[in-house]
Every structure is written in structure tokens, then in C-alpha cells.
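Engineer: How does the following fold in three dimensions:
(2 chains)
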Amino acid sequence: DVKVTQSSRYLVKRTGEKVFLECVQDMDHENMFWYRQDPGLGLRLIYFSYDVKMKEKGDIPEGYSVSREKKERFSLILESASTNQTSMYLCASRRATGRKGDTEAFFGQGTRLTVV
Amino acid sequence: DAKTTQPTSMDCAEGRAANLPCNHSTISGNEYVYWYRQIHSQGPQYIIHGLKNNETNEMASLIITEDRKSSTLILPHATLRDTAVYYCIASLLTGGGNKLTFGTGTQLKVEL
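Structural biologist: A predicted model of the protein is given here:
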């Protein structure tokens, strides 16, 4: 079974803190993604990485950065946490190529971050 | 990824078929249609995908129109456990640097 593991299920941080959200996958997937999910807004893509050290901005990258030093690990960094970054954060991974479109994404269980 | 449009919510009686529509009128020839669902408090889960032929697996069936501008996910005998948000996505076969963009999905409520 593919496993995508997020380091924390719940996290509470103070405004202004630097926050690291970690995601690890065990299937040698090239692509990894970070989303945030808020009521009524669906899943919004923050950043994605298509290979080690490669990253691209998603739809809402402001206030976030990412790091992918190893293939299995993709970190989301909140440089200076703010209350409007209180949200559910979801990590996903998938293979870059596959026959017959078998490049489905696998998600972690999510990290619910509260910034106070 | 091509933009997809789905109804915000749908209801279905338990035991009946749930038919969830998706419009993807700008889909390109090499983009697959993927469906995922998200049960409350969990990460999204893959259901099924297809290119132009209808597809069926143990979870659902996917019907894609001949012009590929729309598709329907069918849960043949919906149960209460199928209550979830369902997402339709159009994405290229070769991921490479392609984004995986979700929208707001359809909230399906299965009732007794």
C-alpha cells in the first residue's frame, strides 16, 4: 500500500512562528503536492514539486515556501505564521508517468493547523 | 489541467444509483478524467479514471460522452458510507510538471 504520512495530525502555533509541515511518501513518487482546505473553498494548491529540488507555485503560494531535498520528503514552511493560515493542510504524491493514466494521487490524512 | 464544473450538492436514497455529473468542455485530447472522493476528516481517495471509453471498477462506473466534454460518475447502489465530497479532475497522462487542481467538488448526501 502506498503510504503518505504527514508528521502531525493537529498543530497549534503562535502568530509569527516559523512552522514546518512534513510529508513523507514511500512509493518513490516523483510528484508531491501541498494543499490547504477551507470550508466552501475546496482544495487549493499551494505548491507542488515534480522532482527533487524542483518546485512550482500553485494557486495560493503567498506566505508559504517548500523544500524537497530528498525524493520521499516534501516540506511546507510557513515563514511567519498568521491567523489566516489556520486551515487543514493536505499532502499528496503521485507517479509522474504511467501507462493508461495510472498516475492517481495518494493523500495523507491531513494536518489541522491552528495559529493563535 | 482543464477546468471542471460540478454541482455543489446532490442527494441520493440509500440503495439507489448515484449519478454525479461533471463538465470539462475544454479538456484536451490527452487529458484523463479522474474522480476522487473525500469522506469527512480524511484525505481524498482515488475512485476511477478514464480517457474516452467507459470504465468500471469495484467502486464505481465512469461514463464519458463521445465528445469528452462531460462525464458521469455512477455509484450503482449508494450506501450511507458513500456520503462524501466527490471531485472531478482533468489531468494529463504524463504528470511531469503538471499541477493537480481540485475544485470545490459535489457534496453527495446518501439518506435512508
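Engineer: does the spatially most central residue of chain A count as helix, strand or coil?
Structural biologist: Closest residue to the average C-alpha location of chain A: residue A:34 at 2.5 Å, with CA atoms, centre = their mean. Under DSSP: H, G, I helix; E, B strand; the rest coil, the three-state class of residue A:34 is strand.
Engineer: Looks like it contacts residue A:46 (just checking).
Structural biologist: Yes: with contact defined as CB atoms under 8 Å, residue A:34 counts as touching residue A:46 (4.5 Å). Backbone N, C-alpha and C define where each C-beta goes, glycine included.
Engineer: which residues does residue B:36 form a beta bridge with?
Structural biologist: According to DSSP bridges, the partner residues bridging residue B:36 are residue B:46, residue B:87.
Engineer: That one contacts residue B:48, doesn't it?
Structural biologist: No: using CB under 8 Å, residue B:36 is not in contact with residue B:48, being 9.2 Å away.
Engineer: Need the pLDDT of the residue nearest to the centre of chain A.
Structural biologist: For residue A:34, the pLDDT comes out at 97.
Engineer: what do residue A:34 and residue A:46 both touch?
Structural biologist: The contact sets of residue A:34 and residue A:46 overlap at A:58, A:64, A:66, A:76 (CB atoms under 8 Å, 6 or more residues apart in numbering or on different chains).
Engineer: Give me the neighbour count for the residue of chain A found nearest chain B.
Structural biologist: For chain A and chain B, the shortest gap (CB to the nearest CB) falls at residue A:107, measuring 3.1 Å. Using other CB atoms under 10 Å in any protein chain shown, residue A:107 is surrounded by 24 other residues.
Engineer: Who's the closest spatial neighbour of it, skipping the chain neighbours?
Structural biologist: Leaving aside its sequence neighbours, residue A:107 sits nearest to residue B:43 (CB to CB, 6 or more residues apart in numbering or on different chains; 3.1 Å).
Engineer: for residue B:76, same thing?
Structural biologist: residue B:17 (5.3 Å).
Engineer: ok, that neighbour touching residue B:75?
Structural biologist: Yes: Residue B:17 lies in contact with residue B:75 (CB under 8 Å); the separation is 6.7 Å.
Engineer: residue ranges with poor pLDDT in chain B?
Structural biologist: For chain B, the stretches with pLDDT under 70 are B:1, B:92-98.
Engineer: need the helices for chain A, in chain order.
Structural biologist: Ranges of helices in chain A, per DSSP state H: none exist.
Engineer: buried residues in stretch A:6-18?
Structural biologist: By 16 or more other CB atoms under 10 Å in any protein chain shown, the buried positions in stretch A:6-18 come out as A:6, A:11, A:13.
Engineer: Now do the strands in the chain.
Structural biologist: Went with chain A since none was named. A:4-6, A:10-13, A:19-25, A:31-38, A:42-51, A:54-57, A:64-70, A:73-78, A:87-94, A:106-107, A:111-115 (DSSP state E).
Engineer: was after chain B, sorry
Structural biologist: Using DSSP E, strands in chain B cover B:9-13, B:18-23, B:31-38, B:45-50, B:55-56, B:61-64, B:70-75, B:84-92, B:106-111.
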